[in-house]
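*Asks:* Sequence and predicted structure are below.
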Amino acid sequence: MASEYASSGDYIKHHLQNLTYGELPAGYHRHDGTVLTEATRTFAHGAEEAKAMGFWAINVDSMLFSIGLGVLFLFLFRIAAKKATTGVPAGLQNFVEWIVEFIDSSVRGSFSYKNAMVAPLALTVFLWVFLMNLMDLIPVDWLPYAASMAGLPYLKVVPSTDPNVTFGMSLSIFFLVLYYSVKMKGAGGFFSELAFQPFPKFLFPVNLLLEGVGLIAKPISLALRLFGNMYAGEMIFILIALMFGGSWILAVFGGALQWAWAVFHILIITLQAFIFMTLTIVYLDMAHAEHH
Amino acid sequence: MNFNATLIGQSITFIFFVWFCMKYVWPPIMNALEMRKKQIADGLAAADRGKHELELAARKAGDNMRDAKVQAAEVIAQAEKRAAQIIDEAKTAAKDEGERQLAAAKAEIDQEANRARESLREQVAALAVAGAEKILRREVNAQTHADLLGQLKAEL
């Protein structure tokens, strides 16, 4: 596939570009040299155009894949939940119960307060992230190639390699953390937790800076860890895929490498989903915790 | 990294998914799990209770058996006693009856003998009269000599 591109650099860039839909301003010089006479809503060709669209553009591929996977997960679990009986579980129900019990025990292990939202949140986070990561195991060219046949210039298949997706989740979780911090400790309690430790009270600007950075670091690290891991993993798949364009020896070697990396990646995608879930639970637990 | 409205879209999607999961997925499954846990616990408790009841029943059955044995032995002893009694009674009754019958037979024999003697007497008297008639040949009136004949009869 790589041979269709001008250079391997183009191939990589193409694979890392989201299918972005947004408005290009009037007078913009497009990739093919045309100049727009008026503002136009269209798909971006390349990173430059996507950037020119500003904030009010949307990554159609990320949205479609993530919503599709989320709906798939909720659909399957809803079926199991509707059919859930107290009798001997079979098939789907067995599988769903296995996951639910695993999540439930994880939540019980790390979250020591009463909150009916945390366990379903953890389940959603775990399975959604896992399914989004799972897209990484689909050979990198299949879906983008199918999309190009259908006329779509770009397609990024793994939603969790889009920072918008990971930050969308981590920021939502961050707002939940803020909400529960204020709800459980009161605004004053939350402020004193940020301002009056670890150093004595008169050093409160230092405390505020330290604790503030610590607080902000939570959502950023949460999102960046997942994004970074998946982005890097995808990048390696793309690099391996480049070898298929070389000699047949290289292609065979690439095939072996791809297989090995995919097997290793099964571990990574599960682990990343688990870490994301566990940290979500831990952050919420810290939000509930009274000042030490 | 290029941030755009996808960020907002993802947040909304995420919140919706969490809400849906919290409302329609998690509670039914957890309910089923809890109910099953309870059912299993109940089942185990019932099994324990059943075992205990079985033990009690076995003990009770043993007691009943022992009682029944004792009662049966009593009944048998009583029956044997009664049987011996009945046999004794029957023996005495038979003896009495035998004696009674013997006495009756003796009485009958006596009666018969008396009757035979009576008839014999009659016949001897008749015979004597006949003999006398033959001897006297004539003029012997039975009526005239009835006293004499009666005397004779009594002497026989």
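*Replies:* That came in fine, so what should we check first?
*Asks:* contacts, neighbours, all on C-alpha from now
*Replies:* Will do.
*Asks:* The residue of the stretch 51-200 of chain A found nearest chain B: neighbour count?
*Replies:* Chain B sits closest to A:Phe55 of the stretch 51-200 of chain A, with a gap of 4.0 Å, by CA to the nearest CA. A:Phe55 has 16 neighbouring residues, counting by other CA atoms under 10 Å in any protein chain shown.
*Asks:* Would you state the secondary structure element containing residue 48?
*Replies:* I'll assume chain A. Assigned by DSSP states H and E, A:Glu48 falls within helix A:46-52.
*Asks:* Actually, chain B is the one I wanted.
*Replies:* With secondary structure defined by DSSP H and E, B:Asp48 is part of helix B:26-136.
*Asks:* That helix and chain A in contact?
*Replies:* Yes. For a cut-off given as CA under 8 Å from any CA of the partner chain, helix B:26-136 has contacts with chain A, namely B:26, B:28-30, B:32-33, B:35-36, B:39.
*Asks:* farthest pair in the residues you listed?
*Replies:* B:Trp26 and B:Gln39 (19.8 Å; CA to CA).
*Asks:* of all the residues in the stretch 151-292 of chain A, which ones are close to chain B?
*Replies:* So far as CA under 8 Å from any CA goes, the stretch 151-292 of chain A lies against chain B at A:163-165, A:167-169, A:171-172.
*Asks:* A:Gly245: which of those residues is nearest?
*Replies:* Closest approach to A:Gly245 among those (CA to CA): A:Pro163, at 29.3 Å.
*Asks:* Was I right to think the closest one contacts A:Leu224?
*Replies:* Yes. The pair A:Pro163 / A:Leu224 is scored as a contact, 7.4 Å apart, by CA atoms under 8 Å.
*Asks:* Which one's more surrounded, the two?
*Replies:* The neighbour comparison of A:Pro163 against A:Leu224 (other CA under 10 Å) goes to A:Pro163, with 23 against 18.
*Asks:* Can you give me every residue that contacts the more buried one?
*Replies:* Neighbouring residues of A:Pro163 by CA atoms under 8 Å, 6 or more residues apart in numbering or on different chains: A:223-224, A:227, B:1-3.
*Asks:* Give me the subset of these that lies in helices.
*Replies:* Counting by DSSP state H, the contacts of A:Pro163 place A:223-224, A:227 in helices.
*Asks:* For the residues you listed, give me a markdown table that also has pLDDT.
*Replies:* Formatted as a markdown table, the ones in helices among the contacts of A:Pro163 follow (pLDDT from 0 to 100):
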| residue | pLDDT |
| --- | --- |
| A:Ala223 | 95 |
| A:Leu224 | 95 |
| A:Phe227 | 95 |
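*Asks:* Might one say that A:Val140 is in contact with A:Phe237?
*Replies:* Yes. Taking CA under 8 Å as the definition, A:Val140 is a contact partner of A:Phe237 at 6.8 Å.
*Asks:* quick one, which of B:Trp26 and B:Gln39 is more surrounded?
*Replies:* B:Trp26 (23 against 14).
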